[in-house]
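Participant: What shape does this take:
(one chain, ligands or ions: 1)
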Amino acid sequence: MANTPITAVIVGGGHRAVIYADYSLKHPDELKIVGIADPDPERREMCRLKYGFDKAHCFESAAELAAVPRFADAVINGTMDHQHYDTSVPLLEKGYDMLLEKPFAVSEDEMRRLLDVIRKNGNKVMICHVLRYAPFYLALKQRVASGQLGDILNIQMAEHVSYHHLSTSYVRGKWANSDKSKTTMLLAKSCHDIDVMAWLMQPDKPVSVSSVGSIFQFKPENAPEGAGTRCTVDCPLVDSCRYSAKKIYLEHPDRWTCYAWADLEHKKDQTEQDRIESFKNGNPYNRCMYKCDNNVVDHQSVLVNFRSGATGTFNMVGGSAKSMRKIHIVGTLGEAYGVFEENRFTVSMIESDAPSGYRDEIVDLNEAGSEGHGGGDDNLTADFIRYLRTGEQSVSCTAIENSVAGHLTVFKADESREKGGQLVTIDLP
Ligand SMILES: NC(=O)c1ccc[n+]([C@@H]2O[C@H](COP(=O)([O-])OP(=O)(O)OC[C@H]3O[C@@H](n4cnc5c(N)ncnc54)[C@H](O)[C@@H]3O)[C@@H](O)[C@H]2O)c1
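Facilitator: Reported below is the predicted structural model:
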């Protein structure tokens with residue numbers, strides 16, 4: 001039985017779903033991809049050839065897949081944020097277990113309705129909170145859970161989103177306008193970080209939150225004088241502006257390939273000329289960074305109160321020189337702090353006999369995996385398979401019932417931000 005792979009159907013064969021599905025190519029005894037639902041015929045065919053299943057198992061939508069008898073153990077749902085609820089419910093009703101991308105819902109109401117469906121049908125659902133599986137955060141969790149740091153009284157976290165990542169996702173890209181994407185930046189980008197905070201604090205629970213944030217930088221009134229509307233088409237500053245699409249994308253075509261050159265995805269042997277033409281022909285990533293339709297904040301601060309009286313703070317800051325996630329956990333016996341991208345943290349223990357008053361230990365995890373999200377993507381897929389096979393939840397397990405505290409804190413933080421920072425109560429289901 002141990003050698004029988006879990007079978008899964010991809011729903012939404014985009015950038016993320018194939019990362020998890022690729023696990024089947026490395027571990028065919030654990031996971032087998034047996035079908036796809038996606039309206040994009042080229043993505044359907046690409047997945048069919050890559051994972052090797054029959055045309056009869058290619059569907060144009062989640063609804064079409066849900067209309068036929070269940071033929072696999074699970075679904076890998078990698079549709080866009082606002083589609084997660086609608087695409088998941090009919091498949092959960094059909095009995096599929098699910099690996100579901102974050103955010104698993106885009107509102108508290110959707111979240112509660114999704115939980116009701118899962119409780120009724122008894123599905124195993126895990127959320128793609130990949131950071132819990134990165135060696136850095138897992139090692140911190142183990143330190144906290146061991147009691148070494150004592151009772152946790154405060155967690156300080158920050159996520160700095162680089163200027164080119166901010167451009168790609170939250171100014172020029174798919175998550176820039178919440179009327180279209182139905183998500184906020186905190187939900188789309190940093191639900192991972194708030195999830196990590198809630199997970200580290202377990203069994204403590206968040207009870208209230210307040211938050212402020214706004215668009216600071218990329219808005220029309222801040223545009224340099226004389227700026228055009230499309231960088232390589234009508235802007236005289238195309239070679240001097242540090243945010244010009246020419247500098248961010250054309251001169252670094254490998255950096256954000258799947259987003260900036262989405263219209264060329266299926267073109268073999270893409271050339272620089274193809275990319276130049278794409279920018280001339282309405283590619284949204286060529287828009288002036290100050291003159292887009294972005295309405296999501298570019299920075300937001302969140303203050304969380306926990307039932308024990310402990311507090312957590314989180315700063316999301318977009319537009320930084322480099323991407324960085326920082327964390328500092330303070331307990332009654334000691335503290336742990338580090339930078340995720342460095343894959344290393346320091347533990348400082350109170351030691352009143354020592355001349356300095358403390359004892360430091362450096363924990364260096366650079367030997368551990370460094371693939372997507374610090375190795376988190378593959379580790380999460382492996383744990384999903386284990387969870388389906390055994391029903392047992394690991395210390396990282398992102399089963400939906402363990403992921404609610406983070407998501408609900410985000411929904412309530414955004415409610416607080418909309419109310420100018422007013423304290424909002426968190427009532428966990
Ligand atoms: N876990 C992470 O770290 C992480 C990182 C980035 C993105 N994400 C999340 O992953 C999700 C997917 O992002 P992406 O960039 O891969 O998106 P994508 O646009 O590349 O893929 C979505 C796919 O869904 C398909 N689709 C649309 N409607 C469908 C339907 N009714 N039924 C089936 N398929 C349908 C689209 O054709 C597309 O191929 C998003 O929710 C995003 O927030 C997660």
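Participant: Now stretch 110-122: average pLDDT?
Facilitator: Averaging pLDDT along stretch 110-122 yields 98.
Participant: Could you do stretch 387-403 as well?
Facilitator: In the prediction, stretch 387-403 has an average pLDDT of 97.
Participant: ditto for stretch 9-24
Facilitator: Looking at stretch 9-24 alone, the average pLDDT works out to 97.
Participant: With the ligand in mind, check whether it reaches it.
Facilitator: Yes - using CB under 6 Å from any ligand atom, stretch 9-24 comes into contact with the ligand via 11-16. For every residue, glycine as well, the C-beta is placed using N, CA and C.
Participant: tell me the two of the residues you listed that are most distant?
Facilitator: For the residues of stretch 9-24 next to the ligand, with distances taken as CB to CB, the pair at the greatest spread is Val11 and His15 (14.1 Å).
Participant: Tell me which of the two has more neighbours.
Facilitator: Using other CB atoms under 10 Å as the criterion, Val11 and His15 rank with Val11 on top: 29 against 13.
Participant: Go ahead and confirm that one touches Ala74.
Facilitator: No - look at Val11 against Ala74 with CB atoms under 8 Å: they stay out of range, at 10.3 Å.
Participant: tell me the contacts of the residue in the stretch 1-150 of the chain that the ligand sits nearest to?
Facilitator: Closest residue of the stretch 1-150 of the chain to the ligand, CB to the nearest ligand atom: Gly14 (1.8 Å). Under the criterion of CB atoms under 8 Å, 6 or more residues apart in numbering, the neighbours of Gly14 are 38, 43, 78-80.
Participant: what's the answer for Ala66, then?
Facilitator: For Ala66, the contact set (CB under 8 Å, 6+ apart) comprises 90-91, 93-94.
Participant: Any of those residues buried? List them.
Facilitator: With neighbours counted by 16 or more other CB atoms under 10 Å, the contacts of Ala66 contain buried members at 90-91, 94.
Participant: quick revisit: next step: the residues of stretch 9-24 next to the ligand restricted to helices.
Facilitator: For the residues of stretch 9-24 next to the ligand, the ones inside helices are 15-16, with DSSP state H as the criterion.
Participant: hang on, Arg48 is in a helix, isn't it?
Facilitator: Yes - for Arg48, which was evaluated using DSSP: H, G, I helix; E, B strand; the rest coil, the result is membership in a helix.
Participant: Off-centre distance for the one helix or strand in the chain whose mean pLDDT sits lowest?
Facilitator: Across the helices and strands of the chain, mean pLDDT, DSSP states H and E gives its lowest value to helix 257-260, namely a mean of 90. For helix 257-260, the distance from its own C-alpha centre to the chain's C-alpha centre is 17 Å (CA atoms, centre = their mean, to the nearest Å).
Participant: if you skip the residues just before and after it, what's nearest to Thr184?
Facilitator: Using CB to CB, 6 or more residues apart in numbering and skipping residues adjacent in sequence, the residue nearest Thr184 is Asp414, 5.0 Å away.
Participant: tell me which element Ala336 falls in.
Facilitator: strand 334-339 (DSSP states H and E).
Participant: In terms of secondary structure, what does that strand contact?
Facilitator: Strand 334-339 is packed against helix 135-146, strand 324-331, strand 344-350, with contacts defined by 3 or more CB pairs under 8 Å, 6 or more residues apart in numbering; DSSP states H and E.
Participant: Tell me the spacing between Glu159 and Leu365.
Facilitator: Between Glu159 and Leu365 the distance, using CB to CB, to the nearest Å, works out to 19 Å.
Participant: Neighbour count for the two, which is higher?
Facilitator: In terms of neighbours (other CB under 10 Å), Glu159 is the more surrounded of Glu159 and Leu365; the figures are 24 against 19.
Participant: quick one: secondary structure of the more buried one?
Facilitator: strand.
Participant: Can you tell me which residues in this protein are near the ligand?
Facilitator: Applying CB under 6 Å from any ligand atom, one finds that the chain approaches the ligand through 11-16, 37-40, 43, 61-62, 78-81, 83, 87, 101-102, 128, 130, 188, 373.
Participant: returning to that earlier point: quick one: strands adjacent to the strand holding Ala336?
Facilitator: Strands flanking strand 334-339 in the sheet, each with its direction: strand 324-331 (antiparallel), strand 344-350 (antiparallel) (DSSP bridges).
Participant: Tell me which of those strands is the most buried.
Facilitator: strand 324-331 (a mean of 20; mean count of other CB atoms under 10 Å).
Participant: centre of the chain versus it, how much separation?
Facilitator: Shown here is strand 324-331, whose average C-alpha point lies 19 Å from the average C-alpha point of the whole chain (CA atoms, centre = their mean).
Participant: what does stretch 7-20 give?
Facilitator: Relative to the centre of its chain, stretch 7-20 is centred 15 Å away, using CA atoms, centre = their mean.
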